[in-house]
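[1] compute the structure for the input listed below.
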Amino acid sequence: MMKMLRSIEPLIFCILSLQSAAQDAGVRVFAQASGAVAWVETISADSLHRLRSSGVVLKEQGWLLTTFHGYKYGDNITARLGEVPLRLGAVITADEARDLVVVQVLGTEPAAAWKSVPTLATVTSNAIPTGADGYAIGNPNGAELVISHGLVSGLRPFGRTGRKLPQFSAPISEGNSGGALVDSKARLIGLPMAWHADGGGQALNFALPMEEIFAAVAIPRNDMPVPDAAWLFATHAYRIGDCLRAQELFIGIIKNNSTHASDAAYYSARCMQRSGNAKGAQEIYERLVVIDPLDAKSLYRLGEVLLELGETQRAFELRQRAGRLNPDLLTNDQWDCCVTITPPPRLTAPWTSATARRPLPTSRNGWRTCSSWLRSIVVGCWRG
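    Have a look, this model is predicted:
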């Protein structure tokens, strides 16, 4: 027995040495690459959407790389490396199909901090052998500069188009998008951008490779949304607390089947909820959840109104489900408030439908009449 134990002693030592080497590699990679991984935050033109994600600074090129879906509402974008803000210039390319945004980096505040930003080498996906180590560094679920380790499994078909992207097993979560996927030499392989979240697989994560990033910059695009004047007027009324006016404008947006129709219904329901019309808000939230079962905000708000209406068990289940979809809902009480109060847009009012122009109905309890009227139109739109 003792002879057998002595014979496996070298094997145990070898395994422990390999584990120690892998841990040491992670420490080295993090030290070399994490200083170029940014915290990225975007605020939409209507000031109602704040998105947080990750980004990577390519110092030699003067670029900030991040994902398009993290900047999909456009307008204001800020980034920082740790506590050091980046000075950003123009958007170089915004490519929705590739899920990429590249922004010019002018330096840091203070300027002297730029010297400490590491220069990352890059590597194309065809130079990464299957089974190579891959390290994902980003800001998952609001936690800054988290590193995870896995393997790169080569190029795999991704999405409906079937384009081939690097697939890797390093764990990532919401917020990692746009961060860094690097190899054991701290070379940038690409940007983590998507993962399978349907329960059908594990460690099936995908990155946008460097060759696609350079190709996107060579032929720049501008796929950012054009500001919708009607929507900006409506959300301005909502943000300054004029819910009656906001609802009037939201109705026109819903009736015109605007791309903002679901958001208009959501904020209409928020007005009802704030006024105490929980049943009216419930009906609209229920419709929104039917349309999109992954709509975390509506699930959370539906739980709120159900709790108010005494349906405690279902309310708890819905809010927990919403929290799983978006942990910010349970940990941050600022996720659904107005980011800023800005002056109204200097545009001619674009609403022209008879619905938007007609006066709101009034009664002794004018708010309840208005809420019922809006609710019938919202529900009627989806039934029709």
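[2] contacts and neighbour counts: CA atoms only from here.
    OK.
[3] next, count neighbours for Glu311.
    Counted with other CA atoms under 10 Å, the neighbours of Glu311 add up to 13.
[4] from Tyr135, how far off is it?
    Separation of Glu311 from Tyr135 (CA to CA, to the nearest Å) stands at 45 Å.
[5] point out where the chain drops to low pLDDT.
    Scanning the chain for pLDDT under 70 picks out 1-23, 196-202, 331-384.
[6] rerun at 80
    1-24, 45, 47-49, 72-75, 159-162, 196-203, 225-227, 257-258, 327-384 (pLDDT under 80).
[7] show me where it has helices.
    Using DSSP state H, the helices of the chain run over residues 2-33, 210-218, 229-239, 243-255, 261-275, 278-291, 296-308, 312-325, 328-331, 354-357, 366-383.
[8] which other helices and strands does the fourth one contact?
    In terms of contacts (3 or more CA pairs under 8 Å, 6 or more residues apart in numbering; DSSP states H and E), helix 243-255 is packed against helix 229-239, helix 261-275, helix 354-357, helix 366-383.
[9] show me what contacts the residue most central in space within the chain?
    Most central in the chain under CA atoms, centre = their mean is Gly70, positioned 4.5 Å from the mean C-alpha point. Taking CA atoms under 8 Å, 6 or more residues apart in numbering, we find Gly70 in contact with 42, 51-53, 177-178.
[10] straight-line length of stretch 245-264, end to end?
    13 Å.
[11] likewise for stretch 219-239?
    OK, stretch 219-239 end separation, CA to CA: 38 Å.
[12] ok, stretch 59-70 next?
    OK, stretch 59-70 end separation, CA to CA: 21 Å.
[13] what comes up buried for it?
    Neighbour-count burial for stretch 59-70, counted by 16 or more other CA atoms under 10 Å, picks out 59, 62-70.
[14] just checking, which of the residues you listed belong to strands?
    If you go by DSSP state E, the buried residues of stretch 59-70 have 63-66 in strands.
[15] can you pull the contacts of the closest residue to Arg163 other than its chain neighbours?
    Of all residues not flanking Arg163 in the chain, Pro157 sits nearest, at 5.2 Å (CA to CA, 6 or more residues apart in numbering). When the contact criterion is CA under 8 Å, 6+ apart, the partners of Pro157 are 163-165.
[16] now these as a markdown table including neighbour count?
    Putting the contacts of Pro157 into a markdown table (neighbours: other CA atoms under 10 Å) gives the following:
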| residue | neighbour count |
| --- | --- |
| Arg163 | 10 |
| Lys164 | 16 |
| Leu165 | 20 |
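[17] just the ones in strands from those residues, please.
    Residues from the contacts of Pro157 lying in strands, with DSSP E as the criterion: 163-165.
[18] per the annotation, how does the chain divide into domains?
    For the chain, automatic domain parsing gives the domain ranges 34-116, 125-209, 229-383.
[19] relative to Val217, which of those domains is closest?
    Nearest to Val217 among these is domain 34-116; the distance by CA to CA comes to 6.1 Å.
[20] and the closest one, how far from the chain's centre?
    13 Å (CA atoms, centre = their mean, to the nearest Å).
[21] start to end distance for it?
    11 Å.
[22] go on, stretch 188-208?
    So stretch 188-208: terminal residues 11 Å apart, CA to CA.
[23] do the same with stretch 30-39
    For stretch 30-39, the separation between the terminal residues is 16 Å (CA to CA).
[24] just stretch 91-111 next, same as before
    Stretch 91-111 has an end-to-end distance of 21 Å (CA to CA).
[25] one more: stretch 214-227?
    Across stretch 214-227, first to last residue, CA to CA, it's 28 Å.
[26] cool, and stretch 70-89?
    Stretch 70-89 end-to-end distance (CA to CA) = 18 Å.
[27] do stretch 26-43 as well
    Termini of stretch 26-43 sit 34 Å apart (CA to CA).
[28] when you give positions from now on, start the count at 59
    Right, with 59 as the first residue, what we last looked at is stretch 84-101.
[29] can you give me every residue that contacts the residue nearest to Thr125 when sequence neighbours are not counted?
    Spatial nearest neighbour of Thr125, excluding adjacent residues (CA to CA, 6+ apart): Leu158 at 4.4 Å. For Leu158, the contact set (CA under 8 Å, 6+ apart) comprises 123-127, 151-152, 271.
[30] let me know the closest of these to Ile186.
    Ile271 (16.5 Å).
[31] that closest one and Thr151: what is the separation?
    10 Å.
[32] and these two? which has more neighbours close in?
    Thr151 (23 against 20).
[33] check contacts around the closest residue to Val160 other than its chain neighbours.
    Nearest residue to Val160 in three dimensions, chain neighbours excluded: Leu123, at 4.8 Å (CA to CA, 6+ apart). Residues counted as contacts of Leu123 (CA under 8 Å, 6+ apart) are 113-116, 158-161, 236.
[34] likewise Ala244?
    87-88, 90-91, 178-179.
[35] next: Phe374.
    361, 365.
[36] phi and psi next, for Tyr129.
    In terms of degrees, to the nearest 10, the main-chain angles of Tyr129 are phi -130, psi 20.
[37] tell me, how many residues neighbour it?
    Tyr129 has 26 nearby residues by other CA under 10 Å.
[38] hmm, it is touching His107, no?
    No: judged on CA atoms under 8 Å, Tyr129 makes no contact with His107 at a distance of 10.1 Å.
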